[in-house]
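Novice: model this:
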Amino acid sequence: MGTCLGSGDKHYQTFDGLKFDFQGTCTYTLAKYCGSAATLEPFTIDEKNANRGSQDISFLRVTNIYIYGYNISIYKREVGKVRLNGVITSLPVTLKDGKIRLYQKGLSTVMQTDVGLRVGYNKNWHLEITLPSSYYGAMCGLCGNFNQNPEDDMMSSNGIKVSAIMVWAASWKVQDRDPFCWHSCQENCLTCDESKRDLYGDDSHCGVISKAVGGPFRECHSTVSPENVFDNCIYDMCLNEGNKTILCVVLETYADTCGDHGVTVYDWRTPSSCDESGSWYSDETGGNGTNLTVSPIDGGDGHLHLHHCQVLWP
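Specialist: Got it, this is the predicted structure:
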């Protein structure tokens, strides 16, 4: 049996006992079955880290487990609950005819499987992954290869042995739609705290872009994916301290793109308080809420990109 640990301000220990510290704030693959035996159930465990006040300190915010066709997400702040394929679900839960059991044990959310894989994560940022010996030598990721030799744990995702922890971790980065994440922050790194992301992601801000039921862009989603537009909107709003003129420009650009594809777009100006000029208006003042103008930047590829907007002061 082997155990991989992640705890506190991102202290790790692999299945083979290699200890290391890493403060990256992206999503990384911790443990993945990389063998070929048909008798072993494949799985992947990722973790998403986040900043905790200081740019020098990160902590584990969410654990994603992919097994038996499920995406099981355990969030730090959702005690007694998990997300099954994105849907918040109260514990306990039994899946796949008992092959997966999810339950709360004290401060920990626990997943137990019939193949012997056990994952426990508690609200004090402590993660514990336990594997049976049947997976011996068949693992990869930041938890190592589980062969009782810590000297060869630092294998990159393309199978090359590396000596630098940051290089090793960066090779196991998973795309997570977080433009603010970093592997190593020296100083003045861009950040956007979770409360601001929640605010800018609501239906009166960037959330209107991806709103499926009753949303103004709902008929466009299958033609022009809202994901990147939404992510870039959050990014712009964070960088510009919630300036709503930025929001109006992003929404107008998405609306125009949808229109170019012949897709019907419903009223988006009213819920987002954007006037016909693309500026934000305030009901309290009866006029524009800001006197800023926004210019998209030429990305050098023949297209204009709004995700790095310049704010021009008159």
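Novice: any low-confidence regions in the stretch 151-300 of the chain?
Specialist: Flagging of the stretch 151-300 of the chain using pLDDT under 70 yields the residue ranges 184-191, 276-300.
Novice: what sits against residue 42?
Specialist: With contact taken as CB atoms under 8 Å, 6 or more residues apart in numbering, residue 42 is in contact with 33, 67. Glycine gets a C-beta too; all of them are placed from N, C-alpha and C.
Novice: what score does it have for pLDDT?
Specialist: In this prediction, residue 42 carries a pLDDT score of 97.
Novice: could you do residue 25 as well?
Specialist: 81.
Novice: please renumber the chain so that the first residue is 42 from this point on.
Specialist: Okay, using 42 as the starting number, the last item reads as residue 66.
Novice: what's around it, how many residues?
Specialist: Residue 66 is flanked by 26 other residues according to other CB atoms under 10 Å.
Novice: now swap in residue 236 and tell me
Specialist: Other residues within reach of residue 236 by the criterion other CB under 10 Å amount to 8.
Novice: before we move on, what about residue 243?
Specialist: Every residue meeting other CB under 10 Å relative to residue 243 is counted, giving 11.
Novice: what's the answer for residue 298, then?
Specialist: Taking other CB under 10 Å as the criterion, the count of residues near residue 298 is 16.
Novice: next one: the one 10 residues further on
Specialist: Residues within reach of residue 308, counting by other CB under 10 Å, total 8.
Novice: which SS class is it?
Specialist: Taking DSSP: H, G, I helix; E, B strand; the rest coil as the rule, one finds residue 308 in the coil state.
Novice: what's the closest non-adjacent residue to it?
Specialist: If the residues on either side of it in the chain are set aside, residue 308 comes closest to residue 257, at 5.9 Å by CB to CB, 6 or more residues apart in numbering.
Novice: next up, the contacts around that neighbour.
Specialist: Residue 257 touches 249, 296, 306, 307, 308, 309, 312, counting by CB under 8 Å, 6+ apart.
Novice: send over stretch 255-262 as CSV, restricted to the C-alpha atoms.
Specialist: Included here for stretch 255-262 are C-alpha records, laid out as CSV according to Å, rounded to 0.1, in the frame of the first residue of the first chain:
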residue,chain,number,x,y,z
GLY,A,255,-33.2,32.4,-20.4
GLY,A,256,-29.8,34.0,-21.2
PRO,A,257,-29.6,36.5,-24.1
PHE,A,258,-26.8,34.5,-25.8
ARG,A,259,-28.3,31.0,-25.3
GLU,A,260,-28.9,30.3,-29.0
CYS,A,261,-25.4,31.3,-29.8
HIS,A,262,-23.6,28.9,-27.4
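Novice: where along the stretch 142-291 of the chain do the strands fall?
Specialist: With strands called from DSSP state E, counting those that start in this stretch, the stretch 142-291 of the chain shows them at 149-154, 159-163, 167-172, 180-181, 214-215.
Novice: now do the buried residues in the second one.
Specialist: Residues of strand 159-163 classed as buried: 159, 160, 161, 162, 163 (neighbour count, 16 or more other CB atoms under 10 Å).
Novice: chain center to it, what's the gap?
Specialist: Mean-position distance between strand 159-163 and its chain equals 19 Å (CA atoms, centre = their mean, to the nearest Å).
Novice: now tabulate the buried residues of strand 159-163 in a markdown table and tack on pLDDT and distance to residue 48.
Specialist: A markdown table is the format used below for the buried residues of strand 159-163 (pLDDT from 0 to 100; distance: CB to CB, whole Å):
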| residue | pLDDT | distance to residue 48 |
| --- | --- | --- |
| 159 | 95 | 16 |
| 160 | 95 | 14 |
| 161 | 89 | 11 |
| 162 | 87 | 10 |
| 163 | 78 | 10 |
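Novice: residue 75: which of these is nearest?
Specialist: When those are compared for distance to residue 75 (CB to CB), residue 160 comes out closest, at 17.8 Å.
Novice: measure the closest residue to the closest one other than its chain neighbours to residue 116 for me?
Specialist: Here the nearest residue to residue 160 in space, its sequence neighbours aside, is residue 152; by CB to CB, 6+ apart that works out to 4.5 Å. Using CB to CB, to the nearest Å, residue 152 is found at 13 Å from residue 116.
Novice: those two - which one has more neighbours?
Specialist: Residue environment comparison for residue 152 versus residue 116 gives the larger neighbour count to residue 152, 24 against 18, counting by other CB under 10 Å.
Novice: how about the helices in the stretch 192-341 of the chain?
Specialist: 206-212, 235-241, 248-251, 268-280, 285-301, 310-313 (DSSP state H, counting those that start in this stretch).
Novice: could you point out which of the ones you listed sits nearest residue 193?
Specialist: Taking CB to CB as the criterion, residue 193 comes closest to helix 206-212 out of the helices of the stretch 192-341 of the chain, the separation being 11.8 Å.
Novice: residues of the closest one that come out buried?
Specialist: Taking 16+ other CB under 10 Å as the neighbour-count basis, helix 206-212 is seen to contain the buried residues 206, 209, 210, 211, 212.
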